[in-house]
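>>> model the following, please.
(2 chains)
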There are 2 protein chains.
Amino acid sequence: MKKILNNPVDYVDEMLEGLIAAHPHFYRLHGDSGRVVVRAMPGHRGKVGLVTGGGSGHLPVFTGYVGAGLLDACAIGDVFASPSAEQMADAIRFADQGAGVLRLYGNYGGDIMNFDMAGELVEFEDITCTTVVLADDVASAPLAEREKRRGVAGMVYAFKIAGAAAESGRDLAAVTKVAQKAADACRSIGAALSPCTVPQVGKPTFHIAEDEMEMGMGIHGEPGVWVDKLRPADAIAGEMMDRLLADMPLAKGDRVSVMVNSLGATPPEELYILYRIVKARLEAAGATIVMPLVGRYATSMEMAGVSFTLLKLDPELEGLLKAPCECAFWRV
Amino acid sequence: MKKILNNPVDYVDEMLEGLIAAHPHFYRLHGDSGRVVVRAMPGHRGKVGLVTGGGSGHLPVFTGYVGAGLLDACAIGDVFASPSAEQMADAIRFADQGAGVLRLYGNYGGDIMNFDMAGELVEFEDITCTTVVLADDVASAPLAEREKRRGVAGMVYAFKIAGAAAESGRDLAAVTKVAQKAADACRSIGAALSPCTVPQVGKPTFHIAEDEMEMGMGIHGEPGVWVDKLRPADAIAGEMMDRLLADMPLAKGDRVSVMVNSLGATPPEELYILYRIVKARLEAAGATIVMPLVGRYATSMEMAGVSFTLLKLDPELEGLLKAPCECAFWRV
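Numbering: from 1, shown residues only, chains lettered A, B, ... in the order given. Below you'll find the model as predicted:
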């Protein structure tokens, strides 16, 4: 669990400094807080704004997805900590092009509280906000209590869909509606093999034995559904697919995108071994896979493990998924 | 050092199966060995062919860089092991479009021996081959013995430059010449924080204490220049830049591309912290940075650590670097 850093208190600011230095054509800082990252080339006047926010330590989530056809602005907190309401309000102010702003973020208490406060702050400035909260992690609560589920990698799909809808000129109600449809059509599950270390804490977020894994763990180390001996790749992938398909059954003719995501340290070689089973299971269900994503899309620094996300498509979602987008980490 | 896999002997074959299943529009298998990955959309007739080969466990190197404006074919061995001469010959046969084939690979004994034998095999089939061997790791031998240096992430730049030259219609001599120029203009150095595990071996490639790092380590765990306590990010980056710039001095007005590469487990947050110093040092030398690459370009599975690579540009190299290319891992 070694990390390459300087003073842990500078971790996020130095990371953002490097991110913007490396990609000045994609990102810049906005406002005085040093924690609001916005598009270097802002969206056109009249475009619905799209903002998110959340803790650091998940690159490319959240900041990395600021870009054309994606997010307009992102407020970023310390590692695994919510940004402040004022930072979120700054992100909303930047994103507003006169057509209102959709707040699109994960279902975490701190983020909800601060985004609600940020909405109240900008209400006096005549900026209309709507909200879609991602709650895609099937391991975090049963389907009947879906509103309690955590938001994880499904966020990436929601950013993409909403970003494309906003770019195409839809109004705030329409962008919000299709973002909610994407959020509703997402299901994710993760499995962790090792913890990560929050720089300012300096010790791993949880303990797991050298021969064990945890099914259903959250991206901040939130408890999963079981801890047991490390299983073979095909068994891990099979159980993850069982859990996803039990929650959102697929039928013959369905079209679905799937993300096989490393939580950080797990290399692409292992993701591709897992993908064989993901593909076989989806095809056995009669579904057609559209634009599979295999890589690192939503991480927890150096945590080892994977997550799978399904996005069940209809023609509208598929069109928006395939629309062009560009940021430093993803291009369609 | 946990890994998600099935039977270790199936690691490479299952990885390739998943890679091709996920990206059938980029990659396919060629021949009977199951270890030759080629472009799904072959280059045009008369284009110079570009092949590489080497061990598995370095994604996106080697296989991942098969694509338009990049490699035509790649022979891939077991983890950290050379492919066979026959597999390399199959890669050369596929890549040949009547204009000859450049073999472009890293300076490792097994790869050189097998690529030489592969060249002899195809010579009887009237396929002309040339060779450029990458030897960019400044930590592996002094400048005066440059031919002894290992080839590491500089390979990615060489693939890009040679791929663009071949795509543009240059002949074999010209493609070979500019690939050699790119190889000569590359310098790399790595620093490792943790080892990785070769699946069929089942234990880490080397030992390093929990509070230590190794400067100059190779991508298979070859010994570096020192082992000592883990240093702050800015000190690590500073020393790595010192070593690169001592080997290839830069002057005011020089243009250079730089790659800040994770060896696997090291997350992008840490790469961006390091990039601040890389940028400051290059700018202090008077150089202009062109198309910086920050991410995972050449890895050793779950090894933690980083490498920096400099490519000193002239107008020809810069034009080829910026030419379009596309594979599953990189797009320009």
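>>> and the stretch 51-200 of chain A, which residues reach chain B?
Proximity of the stretch 51-200 of chain A to chain B, by CB under 8 Å from any CB of the partner chain, involves residues A:56-57, A:59-60, A:64, A:193-194. For glycine as for every other residue, the C-beta is placed from the backbone atoms N, C-alpha and C.
>>> what two of the residues you listed have the greatest distance between them?
A:64 and A:193 (23.4 Å; CB to CB).
>>> local confidence estimate at residue A:91?
Here the pLDDT value assigned to residue A:91 is 98.
>>> which stretch of helix or strand covers it?
helix A:85-95 (DSSP states H and E).
>>> export that helix as CSV, just CAs?
Provided in CSV are the C-alpha atoms of helix A:85-95 (Å, rounded to 0.1, in the frame of the first residue of the first chain):
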residue,chain,number,x,y,z
ALA,A,85,-21.9,23.4,-0.9
GLU,A,86,-20.1,26.6,-2.0
GLN,A,87,-17.8,24.7,-4.3
MET,A,88,-20.8,22.9,-5.8
ALA,A,89,-22.6,26.2,-6.2
ASP,A,90,-19.5,27.5,-8.1
ALA,A,91,-19.7,24.5,-10.4
ILE,A,92,-23.4,25.1,-11.0
ARG,A,93,-22.7,28.8,-11.7
PHE,A,94,-20.1,27.9,-14.3
ALA,A,95,-22.3,25.3,-15.9
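>>> packing partners of it?
With contacts taken as 3 or more CB pairs under 8 Å, 6 or more residues apart in numbering or on different chains; DSSP states H and E, helix A:85-95 sits against strand A:36-39, strand A:49-56, strand A:73-79, strand A:101-106, helix A:109-123.
>>> contacts for the third one next, please.
Read that as strand A:73-79. Contacts to strand A:73-79, defined as CB atoms under 8 Å, 6 or more residues apart in numbering or on different chains, come from residues A:11-12, A:16, A:30, A:35-39, A:49-57, A:62-63, A:65-66, A:83-84, A:87-88, A:90-92, A:94-95, A:118, A:198-200, A:301.
>>> quick one, which of those residues are buried?
By neighbour count, with 16 or more other CB atoms under 10 Å in any protein chain shown, the contacts of strand A:73-79 hold A:11-12, A:16, A:30, A:35-39, A:49-57, A:62-63, A:65-66, A:83-84, A:87-88, A:90-92, A:94-95, A:118, A:198-199, A:301 as buried.
>>> what is the burial count for whatever residue of the stretch 1-150 of chain A ends up closest to chain B?
Across the stretch 1-150 of chain A, the shortest distance to chain B (CB to the nearest CB) belongs to residue A:18, at 3.1 Å. The number of residues packed around residue A:18, counting by other CB atoms under 10 Å in any protein chain shown, is 25.
>>> same question, residue A:248
With other CB under 10 Å as criterion, residue A:248 counts 18.
>>> isn't it up against residue A:184?
No - counting by CB atoms under 8 Å, residue A:248 does not reach residue A:184; the two are 9.6 Å apart.
>>> contacts only, for residue A:91.
By CB under 8 Å, 6+ apart, the neighbours of residue A:91 are A:30, A:36, A:38, A:51, A:53, A:73-75, A:118.
>>> would you turn those residues into JSON lines with distance to residue A:216 and pLDDT?
Output for the contacts of residue A:91, formatted as JSON lines (distance: CB to CB, whole Å; pLDDT from 0 to 100):
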{"residue": "A:30", "distance to residue A:216": "37", "pLDDT": "97"}
{"residue": "A:36", "distance to residue A:216": "33", "pLDDT": "98"}
{"residue": "A:38", "distance to residue A:216": "35", "pLDDT": "98"}
{"residue": "A:51", "distance to residue A:216": "29", "pLDDT": "98"}
{"residue": "A:53", "distance to residue A:216": "25", "pLDDT": "97"}
{"residue": "A:73", "distance to residue A:216": "32", "pLDDT": "98"}
{"residue": "A:74", "distance to residue A:216": "27", "pLDDT": "98"}
{"residue": "A:75", "distance to residue A:216": "28", "pLDDT": "98"}
{"residue": "A:118", "distance to residue A:216": "31", "pLDDT": "97"}
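>>> okay, now the domains of chain A?
A:8-184, A:186-320 (automatic domain parsing).
>>> kindly reformat those as TSV containing distance to residue B:272.
Shown next, in TSV, are the domains of chain A (distance: least, CB to CB, whole Å):
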stretch	distance to residue B:272
domain A:8-184	3
domain A:186-320	12
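>>> residue B:170 is nearest to which of these?
The nearest among the domains of chain A, by CB to CB, is domain A:8-184 at 29.5 Å.
>>> that closest one: end-to-end distance?
From its first residue to its last, domain A:8-184 covers 37 Å (CA to CA, to the nearest Å).
>>> ok, stretch A:280-298 next?
24 Å.
>>> and it, what's buried?
Those would be A:281-282, A:287, A:289, A:291-298, for stretch A:280-298 by 16+ other CB under 10 Å.
>>> which residue ranges of the stretch 101-250 of chain A form strands?
For the stretch 101-250 of chain A, the strands defined by DSSP state E, counting those that start in this stretch cover A:101-106, A:129-134, A:186-192, A:212-215, A:226-229.
>>> packing partners for the first one?
Helices and strands touching strand A:101-106, as assessed by 3+ CB pairs under 8 Å, 6+ apart, comprise strand A:49-56, helix A:85-95, helix A:109-123, strand A:129-134, helix A:154-167, helix A:172-184.
>>> can you rerun that using 10 Å?
strand A:49-56, strand A:73-79, helix A:85-95, helix A:109-123, strand A:129-134, helix A:154-167, helix A:172-184 (3 or more CB pairs under 10 Å, 6 or more residues apart in numbering or on different chains; DSSP states H and E).
>>> helix/strand/coil for the closest residue to chain B within the stretch 151-300 of chain A?
Residue nearest to chain B within the stretch 151-300 of chain A: residue A:272 (3.1 Å; CB to the nearest CB). Assigned by DSSP: H, G, I helix; E, B strand; the rest coil, the conformation of residue A:272 is helix.
>>> nearest spatial neighbour of it, skipping sequence neighbours?
residue B:18 (3.1 Å; CB to CB, 6 or more residues apart in numbering or on different chains).
>>> tell me where the model's unsure across chain A.
Residue ranges of chain A with pLDDT under 70: A:1.
>>> what residue of it is the furthest out?
For chain A, the residue at maximal distance from the C-alpha centroid (CA atoms, centre = their mean) is residue A:124, at 29.6 Å.
>>> which residues touch it?
Contact partners of residue A:124, counting by CB atoms under 10 Å, 6 or more residues apart in numbering or on different chains, are absent.
>>> next, work out how far apart it and residue B:123 are.
79 Å (CB to CB, to the nearest Å).
>>> of the buried residues of stretch A:280-298, which ones also sit close to chain B?
Contacts with chain B within these, counted by CB under 10 Å from any CB of the partner chain: A:289, A:292-296.
>>> got a list of what the closest residue to residue A:118 other than its chain neighbours touches?
Closest residue to residue A:118 apart from its sequence neighbours, by CB to CB, 6+ apart: residue A:88 at 3.6 Å. Contact partners of residue A:88, counting by CB under 10 Å, 6+ apart, are A:35-36, A:51-54, A:73-75, A:77, A:82, A:103, A:105, A:111, A:114-119, A:121-122.
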